[in-house]
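Chemist: sequence? don't have it. structure:
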């Protein structure tokens, strides 16, 4: 049995026992992660002050030996908790993705290139034109003569892949597929001396498959063109400082490359020398170019608009961020929506019915022609190809506009979502906070001293509020005072030592847990909250020395985006935030949200998602940070949005919006709803028209040739209807492109 501790959340870790340099940490989640235990061990052992790690799945704990001079036990616990959380979230999401995939034994369109398909269609077209103009006579007068006409021989040659696929399905899975039906129809057409009909069946079917394959190929090419690194050769800087032009594939980590104005950066790395203005819109969605100086991070696929830089390569080839995004989107076509699975199952289950109808029609009418029509007209091609084309086209359109969807199943679920949860910082707001109010608790301390002490505690933090405080220090030209080691308490605050006294910076809960009296600043607290600023308490020792207000601007177009969501059927919009209740209430009121929950830890957000799902609600969650990752993973649809989103948020999410435009959220939902509408239209058309065709053919009204035309023309029509999604316009994008 895994280690249990009912009072502790699944992802929380606690110290079981602690000796200098040796610590045992318990975490319930470890018991459920046997497949990644070696990766957890390796990740932790790569940390400089951790010497060795032993993971015990049975007891759900880790035994860690570390250097006590470089780290404290609480720091080790926090590192372990963060590591376990990241692996738990990703493992959970991958398990859901595996369960959502549906596999069907059908010939894959990708097995033939577009050029090969086009040659087949042109060959068939030329043959049919020749036969219709000149006619066709058998080469001999015998039973074999029916196979020796030009259309018959062409049909046999062109249908070899169809016969192989149809026979393979019978041999391996003991049930027919769409190719089995097509092969039988072609064979019986030839036996009935209807070589032109057989060739027509192949011709129209090839046109439908060519259109489907074209839409898929266009989607893949568009994604690669949008995200590709683009440079085949780069300038490598040699040890003597000279430049040599080499192939990108020859670049290895730690190599130094030079990038000039107008060139794409081809690796993920650090600016070693120089300054440049870099356009990162293809990866982050940022509209304006970003200034990059020495020691700044740059990414493959971004463009140097002006300036020259030397970049020290860190990730190259398939390891770059852009390559991971490309891989993620390309994999999406293999994650099928449940309606695609239904289409495939419907097609597969109805194929034996075609054989039965053919037998019954022949039994009652004695007409081989009518029986043959039952094999020519089927539902499989139209339903299957049009559904695949619709989802492929939608995924490509979304990707071209900066919406990266990891599978057709997520597009389908997004269309059916009725509840949307938003994180606040970096999602509702811009995530670029600035220092607003600075209020010392009494006259013995100045605003400068209060800001300096706060900056000392926040110096190593990556939280947006910490960035605002440090930016304020830099802008004023003040120095951060010398301080001790900084401890981060997730969801509460930070602390450090300054002149042997402890400085605590954080929220009300953090102060109350340390028995710090807050009554002296209550009047000022109300004023700061009414301004819509986030509140930070600062204490020195056991005494409150002041409060600060951090203001964060609401995203432009966020209110407009929420209004559009209402119009699209989202009837419950919820705000979840770690901020204080007063701040959450102000934001929820301004945005006209249905409700909010404040002062939430990451596991609290995930719990809200699970509670809603237990009521049968389909939940979509929008966030951008590591605090949102558990909720993004547990939600039916997780959406990571914004240029500041974290890697773990991208991993946990099902949909990534690369830019900061809130209008992209309703745009994605509109695209998903339009996709489902088109799929339903295609189902109705394919089933309705083919059913009428079967009825007319069984009554002898519809000849074999026109049965083939009706069936395949319907298939082409629904595929073309699906292809409309390639040209779907994403609302609001023109303002940001």
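Modeler: Happy to help now that I have it. From a predicted model like this one, the values you see are computed outputs, not experimental measurements.

Chemist: you'd agree residue 130 is up against residue 150?
Modeler: Yes. Under the criterion of Cβ atoms under 8 Å, residue 130 makes contact with residue 150 at 7.1 Å. Glycine gets a C-beta too; all of them are placed from N, C-alpha and C.

Chemist: Show me what whatever helix or strand residue 130 lives in is packed against.
Modeler: Applying DSSP states H and E as the criterion places residue 130 in helix 114-134. Here helix 114-134 touches helix 150-158, helix 195-227, going by 3 or more Cβ pairs under 8 Å, 6 or more residues apart in numbering; DSSP states H and E.

Chemist: Tell me, how many residues neighbour the closest residue to residue 676 other than its chain neighbours?
Modeler: Once flanking residues are discounted, residue 676 sits nearest to residue 415: 4.5 Å by Cβ to Cβ, 6 or more residues apart in numbering. Other residues near residue 415 come to 24 when the count uses other Cβ atoms under 10 Å.

Chemist: isn't residue 415 right up against residue 670?
Modeler: No. Contact criterion Cβ under 8 Å: residue 415 and residue 670 do not qualify, at 9.4 Å.

Chemist: what's the distance between the strand or helix carrying residue 272 and the middle of its chain?
Modeler: Assigned by DSSP H and E, residue 272 falls within strand 268-279. Mean-position distance between strand 268-279 and its chain equals 28 Å (Cα atoms, centre = their mean, to the nearest Å).

Chemist: got the contact list for that strand?
Modeler: 256-257, 259, 261, 265, 289-300, 302-316, 319-321 (Cβ atoms under 8 Å, 6 or more residues apart in numbering).

Chemist: And for stretch 554-563?
Modeler: 427-430, 573, 587, 590-593, 660-663, 665-666, 732.

Chemist: Would you list the buried entries among the residues you listed?
Modeler: Buried by 16 or more other Cβ atoms under 10 Å: 427-430, 573, 587, 591, 593, 660-663, 665-666, 732, out of these.

Chemist: tell me the contacts of residue 591?
Modeler: Counting by Cβ under 8 Å, 6+ apart, residue 591 makes contact with 428, 554, 558-559, 562, 573, 575.

Chemist: Tell me the one among these nearest to residue 473.
Modeler: residue 554 (25.4 Å; Cβ to Cβ).

Chemist: Check the burial of that closest one by counting its neighbours.
Modeler: Counted with other Cβ under 10 Å, residue 554 comes out at 16.

Chemist: Give me the more crowded residue out of residue 130 and residue 150.
Modeler: residue 150 (20 against 14).

Chemist: Now do the more buried one against residue 126, distance only.
Modeler: Taking Cβ to Cβ, to the nearest Å as the measure, residue 150 falls 11 Å from residue 126.

Chemist: repeat for residue 476
Modeler: Separation of residue 476 from residue 126 (Cβ to Cβ): 79 Å.

Chemist: mind giving me the domain split of this protein?
Modeler: 13-100, 109-219+330-395+673-727, 233-319, 403-428+554-658, 434-551 (automatic domain parsing).

Chemist: Could you identify which of the ones you listed is most buried?
Modeler: Most buried of these by mean neighbour count (mean count of other Cβ atoms under 10 Å) is domain 403-428+554-658; its value is a mean of 21.

Chemist: Give me the below-cutoff pLDDT ranges for the stretch 301-450 of the chain.
Modeler: Low-confidence segments of the stretch 301-450 of the chain (pLDDT under 70): 318-351, 354, 368-369, 372-373, 375-376, 378, 380, 431.

Chemist: now the strands for it?
Modeler: Applying DSSP state E, counting those that start in this stretch to the stretch 301-450 of the chain gives strands spanning 303-315, 403-405, 419-423, 434-440.

Chemist: Throw the ones you listed into JSON lines and include distance to residue 45, thanks.
Modeler: Shown next, in JSON lines, are the strands of the stretch 301-450 of the chain (distance: least, Cβ to Cβ, whole Å):
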{"stretch": "strand 303-315", "distance to residue 45": "20"}
{"stretch": "strand 403-405", "distance to residue 45": "33"}
{"stretch": "strand 419-423", "distance to residue 45": "33"}
{"stretch": "strand 434-440", "distance to residue 45": "40"}
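
Chemist: out of those strands, nearest to residue 20?
Modeler: Ranking those by distance to residue 20, with Cβ to Cβ as the measure, places strand 303-315 first at 35.2 Å.

Chemist: name the helices or strands packed onto that closest one?
Modeler: Secondary-structure packing of strand 303-315 (3+ Cβ pairs under 8 Å, 6+ apart): strand 256-259, strand 268-279.

Chemist: Tabulate those (CSV), appending distance to residue 26 and mean pLDDT.
Modeler: Below are the helices and strands packed on strand 303-315 laid out as CSV (distance: least, Cβ to Cβ, whole Å; pLDDT from 0 to 100):
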stretch, distance to residue 26, mean pLDDT
strand 256-259, 46, 90
strand 268-279, 36, 86
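
Chemist: Out of these, flag the one nearest residue 71.
Modeler: So among the helices and strands packed on strand 303-315, strand 268-279 is nearest, using Cβ to Cβ, at 25.4 Å.

Chemist: pLDDT on the helix or strand containing residue 710, on average?
Modeler: For residue 710, the host element (DSSP H and E) is helix 704-723. The average pLDDT for helix 704-723 rounds to 80.

Chemist: Quick check: neighbours shared by residue 150 and residue 126?
Modeler: By Cβ under 8 Å, 6+ apart, no residue touches both residue 150 and residue 126.

Chemist: And the helix holding residue 130, how far out from the chain middle?
Modeler: On Cα atoms, centre = their mean, the centre of helix 114-134 falls 41 Å from that of its chain.

Chemist: before we move on, back to that, the strand holding residue 272 vs strand 303-315, what angle?
Modeler: Orientation check (axes from the mean of the first three to the mean of the last three Cα atoms, to 10 degrees): strand 268-279 against strand 303-315 gives 170 degrees.

Chemist: Each with direction, which strands does strand 268-279 pair with?
Modeler: strand 290-292 (antiparallel), strand 297-298 (antiparallel), strand 303-315 (antiparallel) (DSSP bridges).

Chemist: Just put the ones you listed in a markdown table and tack on distance to residue 68.
Modeler: Listed next are the strands paired with strand 268-279 as a markdown table, based on distance: least, Cβ to Cβ, whole Å:
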| stretch | distance to residue 68 |
| --- | --- |
| strand 290-292 | 39 |
| strand 297-298 | 32 |
| strand 303-315 | 31 |
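
Chemist: Which of the ones you listed sits closest to residue 528?
Modeler: Checked against Cβ to Cβ, the stretch from the strands paired with strand 268-279 lying closest is strand 290-292, at 31.7 Å.
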